[in-house]
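Engineer: curious how this folds, go ahead:
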Amino acid sequence: MGSRKCGGCLSGLLIPLALWSITVNILLYFPNGQASYASGNKLTNYVWYFEGICFSGVMMLIVAAALLVLESENNPKCCQSENCGKKYMTLLSMIFSALGIAFSGYCLVISALGLVQGPYCRTLNGWEYAFEGTAGRFLTDSSTWIQCLEPVRVVEWNIILFSILITLSGLQVMVCLIRVVIQLSKMLCGTYSVIIQPGVI
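Structural biologist: So this is what the prediction gives:
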């Protein structure tokens with residue numbers, strides 16, 4: 001019962017994390033609250049991977065909903081044997097948790113790449129990735145940020161929002177990993193047997 005409640009709490013935690021991911025990803029399309037840069041395709045290419053909206057957002061909401069159903073006391077029974085039903089639910093829970101790791105991990109990687117690449121902005125040489133060849137060194141050298149003339153403060157905008165996405169997706173990965181460990185402990189440590197005992201003849 002305790003592990004079921006713990007699993008339900010962890011699954012519920014994925015929902016606000018997913019909603020925040022969607023919100024932060026949407027903000028990346030509107031530097032300084034302006035939609036003209038998105039309509040003119042003047043944003044960093046990594047925002048078009050929909051990492052926060054789709055993968056760390058909508059897909060994680062689906063994963064969270066599925067896990068909550070599996071943790072519910074009223075979940076549907078897959079077979080007549082209670083032991084069989086528990087094993088089936090554990091297997092499904094591990095599969096959805098693994099999918100959660102994949103979805104949030106995708107968002108984590110893409111967000112990190114977007115952070116290191118830097119924003120697409122207008123410089124004295126026109127629209128370009130001003131920091132693409134710096135291997136992320138610009139992140140710790142704020143004196144170089146003035147190279148981006150437009151959108152105003154786009155460097156700070158990208159750094160803050162991509163960093164938040166990295167944090168949110170990292171937390172999702174951790175939650176899903178913890179869930180996998182919980183389910184493995186059930187199978188390996190004897191919360192219930194996962195081996196069908198042969199009948200006595």
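
Engineer: show me what contacts the most centrally placed residue in the chain?
Structural biologist: When Cα atoms, centre = their mean is applied to the chain, the residue found nearest the centroid is residue 104 (2.7 Å). For residue 104, the contacting residues are 55-56, 60, 169-170, 172-173, 176, by Cβ atoms under 8 Å, 6 or more residues apart in numbering. In short, each C-beta sits where N, CA and C put it, glycine included.

Engineer: mean confidence (pLDDT) on the helix or strand where residue 174 lies, please.
Structural biologist: Using DSSP states H and E, residue 174 falls within helix 154-188. If you average the pLDDT over helix 154-188, you get 93.

Engineer: what helices and strands are in contact with it?
Structural biologist: Judged by 3 or more Cβ pairs under 8 Å, 6 or more residues apart in numbering; DSSP states H and E, helix 154-188 is in contact with helix 2-27, helix 59-71, helix 82-117.

Engineer: switch to 7 Å and redo it
Structural biologist: With contacts taken as 3 or more Cβ pairs under 7 Å, 6 or more residues apart in numbering; DSSP states H and E, helix 154-188 sits against helix 2-27, helix 82-117.

Engineer: follow the chain on from the shortest one and name the next helix or strand.
Structural biologist: Translated: helix 2-27. helix 36-39.

Engineer: list the buried residues in that next one.
Structural biologist: residue 37 (16 or more other Cβ atoms under 10 Å).

Engineer: export it to PDB, keeping only CA atoms.
Structural biologist: Extracted as PDB, the C-alpha positions of helix 36-39 are listed here (Å, rounded to 0.1, in the frame of the first residue of the first chain):
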ATOM      1  CA  SER A  36       6.800  38.800 -35.100                       C
ATOM      2  CA  TYR A  37      10.000  36.800 -34.700                       C
ATOM      3  CA  ALA A  38       8.200  33.400 -34.700                       C
ATOM      4  CA  SER A  39       6.100  34.400 -37.800                       C
END
